[in-house]
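Enquirer: missing the sequence, but the structure's below:
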């Protein structure tokens, strides 16, 4: 969504790296990531970019647990619950007015999907169109579950629905922007067929992806980090 991302290049690169050296390197230590302490992150000029090169072969999604459902956003009934979900997911305040401004009336947001718990939105993802930046591509926007409903495959179900949305609109592929520390979200994107783009706005992101994969492939490390994504 064009927002700046957080630098986390020192996360988990060397397990012997002292915390003071990790902070001096400009990122979080793996211990801070594991306990969800994001307060030491530093601004990074660009987010990571991922692209799914085609829109066929939808990712496999197991059935949602009883009580959960997937549908489009209904403005009259969902605004307050969606604001609560986004506030909990991203840790910054969302109001009904912000939902209206950034999602429901934004001209480049073409559809908002929600996963519901007994018909109350508890996770969301949106279909966005940015032809001046990504012509012919569907853009994955504001993906996040309420923390109380994380790890229930809601993100994968929403991603699968977005890919069908993009295909129905005639796009050729899908893109998203994300942050270095969102390991569960990154795992979901990889499982859904998204691949890293290593050069973004003339920046080489290979070292950032190396750091990410080192954490994600370390036993148990990647599963304890944040679970949301503001792409």
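Expert: Ah, there it is. Here the structure is a predicted model, which means the values were calculated and not measured.
Enquirer: you'd agree residue 89 is up against residue 149?
Expert: No: Residue 89 is beyond contact range of residue 149, at 9.7 Å (criterion: CB atoms under 8 Å). For every residue, glycine as well, the C-beta is placed using N, CA and C.
Enquirer: identify the contacts common to those two.
Expert: residue 123 (CB atoms under 8 Å, 6 or more residues apart in numbering).
Enquirer: look at the two and report which has more neighbours.
Expert: residue 89 (25 against 21; other CB atoms under 10 Å).
Enquirer: so how far is residue 102 from the more buried one?
Expert: Residue 89 sits 14 Å away from residue 102, going by CB to CB, to the nearest Å.
Enquirer: residues contacting residue 50?
Expert: 175-178, 189, 194-197.
Enquirer: just checking, next helix/strand downstream of the helix or strand where residue 140 lies?
Expert: If you go by DSSP states H and E, residue 140 is part of strand 137-145. The first helix or strand that comes after strand 137-145 along the chain, using DSSP H and E, is helix 154-168.
Enquirer: in that next one, what counts as buried?
Expert: 154-163, 165-167 (16 or more other CB atoms under 10 Å).
Enquirer: list the helices and strands the strand holding residue 140 packs on?
Expert: Strand 137-145 makes packing contacts with helix 75-90, strand 120-128, helix 154-168, strand 173-178 when contacts are defined by 3 or more CB pairs under 8 Å, 6 or more residues apart in numbering; DSSP states H and E.
Enquirer: can you do 10 Å?
Expert: strand 48-52, helix 75-90, strand 109-117, strand 120-128, helix 154-168, strand 173-178, helix 183-191 (3 or more CB pairs under 10 Å, 6 or more residues apart in numbering; DSSP states H and E).
Enquirer: got TSV for the buried residues of helix 154-168, with pLDDT too?
Expert: Converted to TSV, the buried residues of helix 154-168 look like this (pLDDT from 0 to 100):
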residue	pLDDT
154	96
155	95
156	95
157	97
158	97
159	97
160	97
161	97
162	97
163	98
165	98
166	98
167	98
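Enquirer: of those, closest to residue 140?
Expert: residue 162 (5.9 Å; CB to CB).
Enquirer: just checking, that closest one touches residue 140?
Expert: Yes: if you go by CB atoms under 10 Å, residue 162 and residue 140 touch, sitting 5.9 Å apart.
Enquirer: about what we covered before: quick one: which of the helices and strands packed on strand 137-145 is nearest residue 135?
Expert: That would be, of the helices and strands packed on strand 137-145 and by CB to CB, strand 173-178, which comes in at 10.6 Å.
Enquirer: that closest one - what's its average pLDDT?
Expert: The average of the pLDDT scores along strand 173-178 is 97.
Enquirer: hang on, the earlier thing: who touches both of residue 89 and residue 102?
Expert: residue 142 (CB atoms under 10 Å, 6 or more residues apart in numbering).
Enquirer: ok so, going back, and which of the buried residues of helix 154-168 is nearest residue 97?
Expert: residue 158 (23.7 Å).
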